[in-house]
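> structure here, sequence nowhere to be found:
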């Protein structure tokens, strides 16, 4: 099997590629991207070790479904191919898909408010509203930033997802890494985490005491959101419909 499959007729995983492209376009529109850095990936085989990922240093606002790289996390020659991914993308996402089978999709960004949270000495996201309560006991904080996410750093980060309830990694001094069951599930979680982080940071800026929910109510709200029917799928579907109405070429 070739290392990458891109810009070919009858591409496999057309729906998955289209969902990924829509997520990239909307992440750029929401200004949650960073230049031509940051990466999303989506597993396409049963054990999660083969995955789609964005090309090296292509702006999120231009990515199309046909641009996705096809990567094998167990291929040590990945960085030697003609369409090799960014080395840090390979280091982080390759490790995630090799070591975390529960992570069907992984999205890593340096969005402003999540990164501000990751830069605080206390990077906890306290449950002060419904959005922040969604993440109660569902994130892990990486306290040991070790530089760019080449292979060793990527493997260290992947090991922090040992608890299956943890779907968000607040990457201290770095950004945020979100995992999920699908593109829709992961994008929705990333979107709401950034919203929650913004509310929390703005609340801190007031200098006023915070109205923090009890652990019991925060867990109840989080559990209810975990089971909320089809919310993430509807979210992505509506975003794709808007892109379609605008005549976007994302699905090409």
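Cool, the structure landed. Remember, predicted model here, so these are calculated numbers, not experimental data.
> can I take it that residue 17 is in a helix?
Yes: remark: residue 17 belongs to a helix, assigned using DSSP: H, G, I helix; E, B strand; the rest coil.
> leaving out chain neighbours, which residue sits closest to it?
Among residues not flanking residue 17 along the chain, residue 65 sits closest, at 3.7 Å (Cβ to Cβ, 6 or more residues apart in numbering). All C-beta atoms are positioned from the backbone trio N, CA, C, and that covers glycine.
> for that neighbour, what are phi and psi?
phi -60, psi -40 (degrees, to the nearest 10).
> make 13 the first number, not 1, from now on.
That works, and once the first residue is 13, the last one we named lands at residue 77.
> can you pull the contacts of it?
If you count contacts by Cβ atoms under 8 Å, 6 or more residues apart in numbering, residue 77 has them with 23, 26, 29-30, 32-33, 262-264.
> which of those residues lies closest to residue 226?
The nearest member of these to residue 226, counting by Cβ to Cβ, is residue 32 at 38.4 Å.
> mind checking the pLDDT average for the host helix or strand of residue 153?
Following DSSP states H and E, one finds residue 153 within strand 151-154. Taken as a whole, strand 151-154 carries a mean pLDDT of 98.
> if we can go back for a sec, pull out the buried residues from the contacts of residue 77.
29-30, 32-33, 262-263 (16 or more other Cβ atoms under 10 Å).
> list just the nearest of those residues to residue 207.
Nearest to residue 207 among these, with distances taken as Cβ to Cβ, is residue 32, at 21.4 Å.
> just name the shakiest helix or strand of this protein by mean pLDDT.
One helix or strand of the chain scores below all others by mean pLDDT, DSSP states H and E: helix 163-170, with a mean of 91.
> the helix or strand just after that helix: partners in the sheet, and parallel or antiparallel?
Next helix or strand after helix 163-170 toward the C-terminus (DSSP H and E): strand 180-183. Counting by DSSP bridges, the strands paired with strand 180-183 are strand 151-154 (parallel), strand 187-192 (antiparallel).
> quick one: closest of the ones you listed to residue 140.
Per Cβ to Cβ, nearest to residue 140 of the strands paired with strand 180-183: strand 151-154, 14.8 Å.
> so how far is the closest one off the chain centroid?
How far strand 151-154 lies from its chain's middle: 14 Å, per Cα atoms, centre = their mean, to the nearest Å.
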